[in-house]
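Colleague: Provided below for reference: sequence and predicted model.
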Amino acid sequence: MTIISIIGVGYDSNIFLIKGKNSTIIDTGTGLHQKYVEEKIKENIEPTEIKNIILTHEHYDHCGGVKKIFELTNGKAQVYAHKNATDKIQSGTSDFARMLGGSMPKMNVDKQLSDNDKLMIGDDEYITIYTPGHTPGSICLYSKKNQTLFSGDTIFPYGYFGRYDFPGGSFEQLKQSIEKISRLDVERLYPGHESIIEKDANSHIKKSYENILSFG
């Protein structure tokens, strides 16, 4: 399992490159720092070898760069997102993008994901875990074999979790989503923002669950 973390600059999400038979990009940032992102990708892989681009949710800071990275693969990569995120990604709808002076590209989603879908990422099988609350189309990706979780903006390290006060957010749904994640065995946590946790991620997730329960 080879995971290269491209840590987000400015408002960008973290971007993850997982190398293997099914080399995959998870999230794409805003696209506002594309030269930096492309350099990091090219340092580690020939872009045309990337087979999948998976978007953890429909916010601009995670999918604004999807079209540019898709084009970097010469149009060979397949784009994945949850079915409830697809409309905004395909229509290029984002108030947040306009606030930052950017624009959300219209991007076709090749595969609409649902809860418990199985995906080959790198050389390993992951399952899609539907985790609404931050957005209606939020997902996490989990490998039981590697005890690895890509958590998008559902859970962050050190007991933090995603905002639920944006349009489409829901405190109750987010609480249920974090409770679902807390039942997994996770050693390595790769969140949409903040630092990477590569040991005892369970303790961070447990703290997030405790904290959201304390909100009510």
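Modeller: That came in fine, so what should we check first?
Colleague: for this structure, longest strand please?
Modeller: Once the chain is assigned using DSSP state E, the strand that runs over the most residues is strand 124-130.
Colleague: Counting by contacts, list what that strand packs against.
Modeller: strand 118-121, strand 139-143, helix 171-182 (3 or more CB pairs under 8 Å, 6 or more residues apart in numbering; DSSP states H and E). (Each C-beta comes from the backbone N, C-alpha and C, glycine too.)
Colleague: Tell me which of those is the most buried.
Modeller: Compared across the helices and strands packed on strand 124-130, strand 139-143 shows the largest average neighbour count, a mean of 25 (mean count of other CB atoms under 10 Å).
Colleague: Downstream of the helix-or-strand element of the chain with minimal mean pLDDT, the next helix or strand is which one?
Modeller: In the chain, the helix or strand scored least confidently by mean pLDDT, DSSP states H and E is helix 95-99, which has a mean of 80. Going down the chain from helix 95-99, the next helix or strand is strand 111-113, by DSSP states H and E.
Colleague: buried ones in that next one?
Modeller: By neighbour count on 16 or more other CB atoms under 10 Å, the buried set for strand 111-113 is L113.
Colleague: Quick one: classify K207 as helix, strand or coil.
Modeller: Classification of K207 by DSSP: H, G, I helix; E, B strand; the rest coil places it in helix.
Colleague: pretty sure it is touching Y158, no?
Modeller: Yes: with contacts counted by CB atoms under 8 Å, K207 reaches Y158, the gap being 6.9 Å.
Colleague: Of the two, which one has the most company?
Modeller: With other CB atoms under 10 Å as the criterion, K207 and Y158 differ in neighbour count, and K207 comes out ahead with 17 against 12.
Colleague: ok, the more buried one - contacts?
Modeller: By CB atoms under 8 Å, 6 or more residues apart in numbering, the contact list for K207 reads Y158, G159.
Colleague: what do you get if the cut-off is 10 Å, keeping everything else the same?
Modeller: Applying CB atoms under 10 Å, 6 or more residues apart in numbering, we find K207 in contact with I155, P157, Y158, G159, Y160, F161, S182.
Colleague: So which of those residues belong to strands?
Modeller: In this view, the contacts of K207 have no member that belongs to strands under DSSP E.
Colleague: tell me, what residue is most central in the chain?
Modeller: Centre of the chain computed as the mean C-alpha position; nearest residue by CA atoms, centre = their mean is T56, 3.3 Å away.
Colleague: ok, for that residue, nearest residue in space, not its chain neighbours?
Modeller: The shortest distance from T56 to any residue that is not its chain neighbour, by CB to CB, 6 or more residues apart in numbering, is 3.1 Å, and that residue is G152.
Colleague: residue contacts, the one you found?
Modeller: Applying CB under 10 Å, 6+ apart, one finds that G152 lies in contact with 13-14, 26-27, 54-57, 59, 62, 129, 131, 134-135, 137-141, 162, 190-193.
Colleague: any idea how far it lies from S214?
Modeller: Between G152 and S214 the distance, using CB to CB, to the nearest Å, works out to 22 Å.
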